[in-house]
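S.K.: how would this look folded up:
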Amino acid sequence: MKRPGGTWWEHRRDRELAALVDELALWGHEDLDDPGAGELAALIRRSAREAAGPHPADAVPGTAAHLELAAAAAREADAFRGSFLPQVVRNLTRARNHLRHARATRPADHQG
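M.R.: Residues are numbered from 1 along each chain as shown. Take a look at the predicted model:
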C-alpha cells in the first residue's frame, strides 16, 4: 500500500490552512490560491480593522478582538515556517477557532 507524500503533521497543517481559507471566504476574502500563514494573517488583520470600523460607535469589540487574536495566531504559525509542525498546527487551529468566535459575535447586519 503506497502512502501519500508528506507526514501526518503536514497533512494536518494543510487541512488547517484550507479551513482558514474557508473561514476567510465568509469575511469577503475569496479566490485565495494556496496562501501561506503569513498571507492569511494579513487578511485576518485587515478584517479586524474593518470590524473595528472608522468610528468607535461602529466598532464590534468582540468581533475585532477575536480577529486580532486569530491574526496573531496565524503570524505565530508563520514564524515557525514549518520547522516545528506541531506548533504550527496548534497556532493555525487557534486562528481558526478565533475566526469562528469572531463570526459568532458578528452583528447580523454584517453577516457575509
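S.K.: number of nearby residues for residue 12?
M.R.: As a burial measure, residue 12 scores 17 neighbours (other Cβ atoms under 10 Å). (C-beta placed from N, C-alpha, C; glycine too.)
S.K.: quick one: what helix or strand has it in it?
M.R.: Taking DSSP states H and E as the criterion, residue 12 maps to helix 8-25.
S.K.: so where does the closest residue to residue 27 other than its chain neighbours fall, helix or strand?
M.R.: Counting by Cβ to Cβ, 6 or more residues apart in numbering, residue 27 lies nearest to residue 47, which is 4.6 Å off, once chain neighbours are set aside. Following DSSP H and E, the helix or strand that holds residue 47 is helix 37-52.
S.K.: now the angle between helix 8-25 and that helix, please.
M.R.: For helix 37-52 against helix 8-25, the angle by axes from the mean of the first three to the mean of the last three Cα atoms, to 10 degrees is 30 degrees.
S.K.: which strands and helices sit next to the very next helix or strand once past helix 37-52?
M.R.: Moving toward the C-terminus from helix 37-52, the next helix or strand (DSSP H and E) is helix 61-80. Where contact means 3 or more Cβ pairs under 8 Å, 6 or more residues apart in numbering; DSSP states H and E, helix 61-80 is packed against helix 37-52, helix 85-105.
S.K.: Reformat the ones you listed into TSV and put mean pLDDT next to each item.
M.R.: Converted to TSV, those look like this (pLDDT from 0 to 100):
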stretch	mean pLDDT
helix 37-52	93
helix 85-105	95
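S.K.: Show the contacting residues for the residue nearest to residue 27.
M.R.: By Cβ atoms under 8 Å, 6 or more residues apart in numbering, the contact list for residue 47 reads 24, 27, 28, 29, 67, 102.
S.K.: So which of those wins on neighbours?
M.R.: Counting neighbours by other Cβ under 10 Å, residue 67 comes out on top of the contacts of residue 47 with 29 neighbours.
S.K.: so what's the spatially closest residue to it that is not a sequence neighbour up against?
M.R.: The spatially closest residue to residue 67, leaving aside those adjacent along the chain, is residue 48, at 3.5 Å (Cβ to Cβ, 6+ apart). Residues in contact with residue 48 (Cβ under 8 Å, 6+ apart) are 64, 67, 68, 70, 71.
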